[in-house]
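1. model the following, please.
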Amino acid sequence: MKKRSASFSVTARRSDITQMLEEECRAAGVQIFLNQEIQEVRKATEFLVKTGPDEFRAPALVVAAGGLSIPKIGATSLDMRLPASLV
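-> Numbers count the residues shown, from 1 in each chain. Next comes the predicted model:
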């Protein structure tokens, strides 16, 4: 996946940001799971994400929860709730 820096205007619409992220992920072959509530995140040799009955493992984890400073785009505090030991 190519590295690229992106920044968004505070006036950017959530749908525009979501569409751009989805297009980049799909182009890179990333599998997207919707409507999954994260129960637990751990890291040993790889990341383990539990979402109720399902478990996902991966060598890398991207937290795209937005930022609490821009609540109108649907941002959450997930990135702040994850243990610092995961980064």
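2. the residue lying closest to Leu61 once chain neighbours are set aside bridge partners, please.
-> Counting by C-beta to C-beta, 6 or more residues apart in numbering, the nearest residue to Leu61 once its immediate chain neighbours are dropped is Phe47, at 4.3 Å. The C-beta positions use only the backbone N, C-alpha and C, and glycine is treated the same way. Residues found in beta-bridge contact with Phe47 (criterion: DSSP bridges) are Lys43, Ala58.
3. wait, isn't Phe47 in contact with Val62?
-> No. No contact is recorded between Phe47 and Val62 when judged using C-beta atoms under 8 Å, the distance being 10.0 Å.
4. so these two - more neighbours on which side?
-> Phe47 (16 against 10; other C-beta atoms under 10 Å).
5. just the pLDDT at the more buried one, thanks.
-> We note a pLDDT of 91 for Phe47 in this prediction.
6. OK, contacts around it?
-> Contact criterion C-beta atoms under 8 Å, 6 or more residues apart in numbering gives 41, 57-61, 86 as the residues in contact with Phe47.
7. ok, the residues you listed vs Gln31, which is closest?
-> Of all the contacts of Phe47, the one with the least separation from Gln31 (C-beta to C-beta) is Ala58, at 9.7 Å.
8. for the protein, what spans make up the strands?
-> Listed in chain order, the strands of the chain (DSSP state E) span 40-43, 47-51, 54-58.
9. just the helices from this structure, written as ranges.
-> Taking DSSP state H as the criterion, the chain contains helices spanning 14-27, 78-81.
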